[in-house]
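Novice: Build me a model:
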Amino acid sequence: MGENMNDGWIGIEQAAQYLDVNKDTIRNWIKKGNIPANKVGKLWKFKKSELDEWIKSGRSANASQNEVGE
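Specialist: Next up is the predicted model:
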C-alpha cells in the first residue's frame, strides 16, 4: 500500500522533470499517443508507475526516435 501512496497523479511539468525532457516533448508524445497519459478535464495527468513501465518496455525509445526523425 505504501508504494501506491507515492504513485499519485502528476502533471505535464512534473512528468517532464521526472523523465528529464522538455514539456514540448511530452506534449508531442501525447499527440502521437506514444506516452501513457490520461486527460482529467482539460489537464493531462500521468502515473509515475505507468511512465516507469513505458520506459522499461522500450516504447519510450521508439517515441524518442520519432522525435529525432522529424
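
Novice: Do a quick rundown of the helices in the chain.
Specialist: Using DSSP state H, the helices assigned to the chain run over residues 2-5, 12-19, 23-32, 48-57, 59-69.

Novice: For V21, see how far away the closest residue to K45 other than its chain neighbours is.
Specialist: With sequence-adjacent residues excluded and distances taken as CB to CB, 6 or more residues apart in numbering, K45 is closest to W9, at 4.2 Å. For the C-beta atoms, the positions are set from N, CA and C on the backbone; glycine is no exception. Distance of W9 to V21, given as CB to CB, to the nearest Å: 18 Å.

Novice: what do you get for K32?
Specialist: With CB to CB as the criterion, K32 and V21 are 14 Å apart.

Novice: Between these two, point out the one with more neighbours.
Specialist: V21 (17 against 11; other CB atoms under 10 Å).

Novice: Can you give me the neighbour number for the residue nearest to K45?
Specialist: W9: 14 neighbours (other CB under 10 Å).

Novice: I figured it hits L43, correct?
Specialist: No. With contact defined as CB atoms under 8 Å, W9 does not count as touching L43 (9.2 Å).

Novice: tally of neighbours for the nearest residue to S49 once chain neighbours are set aside?
Specialist: With sequence-adjacent residues excluded and distances taken as CB to CB, 6+ apart, S49 is closest to D7, at 4.8 Å. Residues near D7, counting by other CB under 10 Å, number 13.

Novice: how far away is D7 from N22?
Specialist: Counting by CB to CB - D7 and N22 are separated by 24 Å.

Novice: What residues sit buried inside the top strand by length along the chain?
Specialist: Looking across the chain with DSSP state E, the single longest strand is strand 43-47. The neighbour-count check on strand 43-47 (16 or more other CB atoms under 10 Å) flags 44-47 as buried.

Novice: Can I get these in TSV including distance to A63 and pLDDT?
Specialist: Formatted as TSV, the buried residues of strand 43-47 follow (distance: CB to CB, whole Å; pLDDT from 0 to 100):
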residue	distance to A63	pLDDT
W44	15	97
K45	18	98
F46	14	98
K47	17	97
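
Novice: Thanks a lot, see you next time.
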